[in-house]
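> The following block contains a protein sequence and its predicted model.
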Amino acid sequence: LKVGLAFVPSRGLSYQGPSMADRTRLLEDVRHQFVGLDYVDEIRVIPETYLRGARGASGMQQVARAFDVDVMALISYDQITTTRANNQSLMYWTIVGAYIFEGTDHDTRTFVDLAVVDVKTQKLLLRAPGFDERRGDVTLVRADESIRRTSLGAMQMATDQMQQNLAVELVRFEERMKTKPDDIQVSYRG
């Protein structure tokens, strides 16, 4: 297989997800998991900009033709952070209260997913998700900093879990190739 590896572009929401450096590092880490597999001939990292204009299966097929790949390994992510005031937030009315009392609760849920899709048949070959959920209490003054740190930590944990699940799924995929030849047909190119 020739594998195209890319991030699914974000839809312009306020949260931009992992930094470009983090995305590049993750793409390289995932790429290394595919290197050395007998059934993988080549792994091509596809810049996110090529997928921005691509819509649906036909868009994915156009990108795959342009980069000459058989399957697309697409990484997507989502992170939702909610904040709310708790009972201690009443102390925010005082100047000192905003510095001392942890009256702001925040929850962060992060989901990172890698889906490998056969471009020709549009069949999902394997999927490796990663999830992290965190909660915290913080003072009003330190809320932004704490939420940012929580967000980065949650993204890292979800990414690590996705990579662990990918290692397992690649082994399962190889077993399926051997045990279910009708589902996955392997042919070698000249």
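Right, received. Where do you want to start?

> Would you state the strands of the protein in chain order?
Using DSSP state E, the strands of the chain run over residues 2-7, 42-45, 71-85, 104-118, 123-138.

> Can you verify my assumption that residue 75 contacts residue 113?
Yes - the pair residue 75 and residue 113 passes the contact test of Cβ atoms under 8 Å, sitting 7.2 Å apart. Yep, even glycine has a C-beta here, placed from its N, CA and C like the rest.

> Pull up the gap between residue 127 and residue 142, please.
Using Cβ to Cβ, to the nearest Å, we find residue 127 at a distance of 38 Å from residue 142.

> do the same with residue 71
45 Å.

> which one of the strands of the chain is the most hemmed in?
Mean neighbour count (mean count of other Cβ atoms under 10 Å) peaks for strand 2-7 among those, with a mean of 22.

> If you count contacts, what does it end up packed against?
Judged by 3 or more Cβ pairs under 8 Å, 6 or more residues apart in numbering; DSSP states H and E, the packing partners of strand 2-7 are helix 20-34, strand 42-45, helix 49-52, helix 56-67, strand 71-85.

> Nearest residue to the middle of this protein?
residue 112 (3.1 Å; Cα atoms, centre = their mean).

> who does residue 116 bridge with?
residue 73, residue 126 (DSSP bridges).

> for this structure, longest helix please?
Criterion DSSP state H: the longest helix present in the chain is helix 143-179.

> For the helix or strand bottoming out on mean pLDDT in the chain, list the C-alpha coordinates in CSV.
Least confident helix or strand, the chain: helix 97-100 with a mean of 73, by mean pLDDT, DSSP states H and E. Only the C-alpha atoms of helix 97-100 are listed here, as CSV (Å, rounded to 0.1, in the frame of the first residue of the first chain):
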residue,chain,number,x,y,z
GLY,A,97,-11.5,36.6,46.4
ALA,A,98,-10.5,36.5,42.7
TYR,A,99,-7.0,35.5,43.8
ILE,A,100,-7.7,33.1,46.6
